[in-house]
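Q: Mind looking at a prediction? Sequence and model below.
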Amino acid sequence: MIGSMKKFCKPLAIVTAVACLTGNLTGMQGKAFSKQAYKPEIGAVFLAAAAPLDDTSVPDGTSQPSGAPPDITPEPVRTPEPSDTPKPTDTPKPTDTPKPTNTPKPTNKPKPTKKPKQKLAFRISQKKNKITVKWNKLDDVSSYLFYLKEQGGKFRKTVIKKGTKRSFSVQYGKNYYVKMAVKNKRNKTFSRTGKYQIYVPEKVGTVHTVSMGKAKMKLTWQAVRKADYYYIYRKAAGQKNFALLGKRKRCTFVDEELKYNKDYSYKIIPVTERKGYGYKGRGRSKLFSNKKLVSDSHQKYTYTEMEGDIKSLVKKYYGMVHYKVIGKSADGRNIYDVIIGNQNAPKSILVISTLHAREYMASLVCMSQIEYYLQSSQEKIAGQPVEKVLNQIAVHYVPMANPDGVTISQSGFSGIKSAVLRKKLAKISDGDSVRWKANARGVDLNHNYPYKFKKSGKAGREGYSGKSASSEAETKAVISLIQTLKQRQLKGVINYHATGSIVFGGCTKKGKVKEDTQRMYDLARAVTGYADSAAYEKEHSGGVGSLREYIVYKQKIPSITLEVGWAACPGPISEFPAIWGRNRTLVLEEAMLFL
């Protein structure tokens with residue numbers, strides 16, 4: 001039995017393996033083997049299990065005994081249900097093959113660094129005419145060699161062992177040259193600079209101002225030799241320091257930020273540039289008064305005041321107003337011709353004021369007109385641009401034709417400088433200097449002109465014609481001016497007197513003189529509103545030696561006379577505003593008649 005089982009060990013192992021796979025190791029078809037059946041037929045179990053290996057035979061070749069149980073057919077192995085087929089995963093994109101990195105080159109051993117070569121350089125500064133040269137400090141230096149040359153000279157060497165600067169003075173308007181070198185401690189020169197030019201320009205010449213209204217003015221000045229440009233500075237009255245207004249290459253600057261009734265100071269500094277450095281020359285200062293110059297706040301407008309105003313107006317309105325001295329009075333006072341506009345214009349008109357001493361209110365009217373027309377040069381009067389009118393026709397003023405007489409009326413006989421004249425005046429005077437009309441020689445100038453002249457009266461306060469026509473210096477000066485202007489088409493003459501608020505303009509002659517005189521007369525009445533003088537002229541026709549008749553009938557030039565104010569002369573200053581309001585634009589409008 002044991003021997004037979006040994007033979008079946010191998011098939012048993014196979015059966016056991018199959019049973020394990022099918023899950024039927026403990027019984028086939030749900031039935032366990034019985035203990036009784038197991039003993040006699042144990043071989044049958046193995047055979048049955050092994051039957052599929054061999055249909056009838058056993059390993060030792062014996063036949064199956066009769067009465068053996070039938071073969072047990074194993075249950076079929078269940079086929080496992082198919083699981084869900086997994087979705088195919090996306091095929092990963094092939095990654096880029098990294099580029100091979102460059103093999104680093106072997107680094108060379110660093111070369112020893114050389115010490116940078118030292119180089120000398122300098123810079124220049126200036127304070128007035130003192131120049132300072134400063135340079136950089138170098139190592140291993142025994143000395144710095146400083147060379148300076150003046151214009152027309154040779155370089156002079158200065159050895160500098162200590163310090164890094166050198167100062168020296170220069171003359172304005174003169175060239176200088178600087179260069180440098182350095183020596184090391186082995187006495188070898190190892191750095192040099194180039195030649196550098198220094199030039200400090202000279203002082204600016206005359207500076208002029210041109211007022212262009214209440215908030216604007218123009219500066220002009222003479223060019224400075226070798227100046228590349230100019231700095232313009234300004235300070236208002238009360239300010240300590242000048243402020244830079246601008247920089248100009250041309251010799252002109254317009255300041256449009258002025259305040260009226262303020263005084264200003266300007267300074268013009270020339271600059272010459274050399275290799276990027278600007279050398280400043282000496283500046284020129286100029287005062288500018290942005291105020292009304294001709295004062296109408298007091299009654300006595302004096303000769304001295306008028307003379308100062310004339311000169312101030314010429315400075316303030318440079319190029320727009322000029323003056324000439326056309327004669328001198330007996331006591332040495334100037335008789336002025338003040339010209340506004342283009343003094344070389346092809347046409348002119350003339351205004352003559354204050355032949356009679358006590359009528360000096362008329363001088364204030366004329367001087368105020370002059371300033372007003374100048375101040376209004378960039379504006380229009382009566383619809384016409386003032387600058388254009390004054391460029392085409394010059395307006396001449398003799399604002400005070402009797403300066404000695406005005407001085408007597410305002411200051412008394414003591415105002416006369418000449419002792420000889422004072423002594424004579426003491427003899428001819430009636431003691432009333434305030435109402436004086438004549439000149440310092442006691443001659444009534446409006447009876448001294450050479451038309452229907454007749455010696456009349458006696459020397460004194462008024463009415464004396466003089467010994468002869470044109471005997472007085474004042475008369476000669478006016479006649480000379482009229483004859484000069486006549487050569488340049490003197491178109492008309494306006495005479496200012498006081499008082500009466502009346503216009504005189506009669507003319508018995510026919511032709512152009514009468515026509516133009518009538519036009520002047522009509523315009524004057526329309527502008528001023530003054531009275532018609534026809535009745536008065538009939539009563540006082542044929543004035544002996546009067547200026548207007550001399551101009552109209554002898555010189556054949558249209559002429560009118562205005563008597564300003566109402567009060568007896570000398571009139572009070574309280575009358576001036578009304579007088580000024582009526583006469584402010586008159587003269588310029590009269591000039592427009594002849595354009």
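A: Happy to help now that I have it.

Q: The longest strand seen in the chain pairs with which strands, parallel or anti?
A: With DSSP state E setting the assignment, residue counts place strand 262-274 as the longest strand in the chain. According to DSSP bridges, the neighbouring strands of strand 262-274, each with its direction, are strand 229-236 (antiparallel), strand 277-280 (antiparallel), strand 284-290 (antiparallel).

Q: now the strands for the stretch 451-595 of the chain?
A: Under the criterion DSSP state E, counting those that start in this stretch, strands of the stretch 451-595 of the chain are mapped to 490-498, 502-504, 559-564.

Q: Send over the last one as PDB, restricted to the C-alpha atoms.
A: Presented in PDB, the C-alpha positions along strand 559-564 are these (Å, rounded to 0.1, in the frame of the first residue of the first chain):
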ATOM      1  CA  SER A 559      -1.700 179.200 -36.300                       C
ATOM      2  CA  ILE A 560      -4.100 179.300 -33.400                       C
ATOM      3  CA  THR A 561      -3.900 180.500 -29.800                       C
ATOM      4  CA  LEU A 562      -5.600 178.900 -26.700                       C
ATOM      5  CA  GLU A 563      -6.200 180.700 -23.500                       C
ATOM      6  CA  VAL A 564      -6.600 178.100 -20.700                       C
END
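
Q: partner strands of it, parallel or antiparallel?
A: In the sheet, strand 559-564 lines up against strand 490-498 (parallel), strand 502-504 (antiparallel) (DSSP bridges).

Q: what sits up against the shortest one?
A: Residues outside strand 502-504 that contact it (Cβ atoms under 8 Å, 6 or more residues apart in numbering) are 521, 524-525, 528, 530-533, 536-537, 548, 560-563. To be clear about C-beta, it is placed using only N, CA and C from the backbone, and glycine gets the same treatment.

Q: Now with 7 Å, please.
A: Outside of strand 502-504, the residues that reach it under the criterion Cβ atoms under 7 Å, 6 or more residues apart in numbering are 521, 524-525, 528, 530-531, 533, 536-537, 548, 560-563.

Q: Give the residue spans of this structure that score low on pLDDT.
A: In the predicted model of the chain, residues 1-115, 535, 537-543 satisfy pLDDT under 70.

Q: and it, what are its domains?
A: Here the chain is described, according to automatic domain parsing, as comprising the domains 2-53, 122-199, 207-290, 306-412+473-592.

Q: Can you give me the first-to-last residue distance of the second one?
A: Spelled out, it's domain 122-199. 17 Å (Cα to Cα, to the nearest Å).

Q: now it, how far from the chain's geometric center?
A: 39 Å (Cα atoms, centre = their mean, to the nearest Å).

Q: Same list, the strands paired with strand 262-274, but as a markdown table with mean neighbour count and distance to residue 310 please.
A: Supplementary listing: those in a markdown table, determined by neighbours: other Cβ atoms under 10 Å; distance: least, Cβ to Cβ, whole Å:
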| stretch | mean neighbour count | distance to residue 310 |
| --- | --- | --- |
| strand 229-236 | 18 | 26 |
| strand 277-280 | 18 | 36 |
| strand 284-290 | 17 | 15 |
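
Q: Could you dump those into JSON lines with distance to residue 260 added?
A: What follows is those, written out as JSON lines (distance: least, Cβ to Cβ, whole Å):
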{"stretch": "strand 229-236", "distance to residue 260": "12"}
{"stretch": "strand 277-280", "distance to residue 260": "32"}
{"stretch": "strand 284-290", "distance to residue 260": "6"}
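
Q: Could you check which helix or strand contains the nearest residue to residue 572 once chain neighbours are set aside?
A: Leaving aside its chain neighbours, residue 572 sits nearest to residue 299 (6.2 Å; criterion: Cβ to Cβ, 6 or more residues apart in numbering). Element membership for residue 299 (DSSP states H and E) is empty, with no helix or strand holding it.

Q: Could you verify my assumption that residue 299 touches residue 575?
A: No. Because the distance of 9.5 Å does not satisfy Cβ atoms under 7 Å, residue 299 is recorded as not touching residue 575.

Q: highest average neighbour count across the strands of the stretch 451-595 of the chain?
A: Ranked by mean neighbour count, the strands of the stretch 451-595 of the chain are led by strand 559-564 with a mean of 26 (mean count of other Cβ atoms under 10 Å).

Q: just how off-centre is that one within its chain?
A: Between the centre of strand 559-564 and the centre of its host chain there is 46 Å, according to Cα atoms, centre = their mean.

Q: Ok, stretch 466-482 next?
A: For stretch 466-482, the distance between its averaged C-alpha position and the chain's averaged C-alpha position is 52 Å (Cα atoms, centre = their mean).

Q: can you list contacts of that stretch?
A: By Cβ under 7 Å, 6+ apart, the residues outside stretch 466-482 that reach it are 326-330, 335, 337, 350, 352, 398, 401-402, 439, 441, 443, 445, 448-450, 453, 455, 490, 545, 551, 555.

Q: Now list the buried members of those.
A: Neighbour counting over those (16 or more other Cβ atoms under 10 Å) leaves 326-327, 329-330, 335, 337, 350, 352, 398, 401-402, 439, 441, 443, 445, 448-449, 453, 490, 545, 551, 555 as the buried ones.

Q: Show me the helices in the stretch 451-595 of the chain, by range?
A: Counting by DSSP state H, counting those that start in this stretch, residue ranges of the helices within the stretch 451-595 of the chain are 473-486, 512-528, 534-539, 547-549, 576-583, 586-592.
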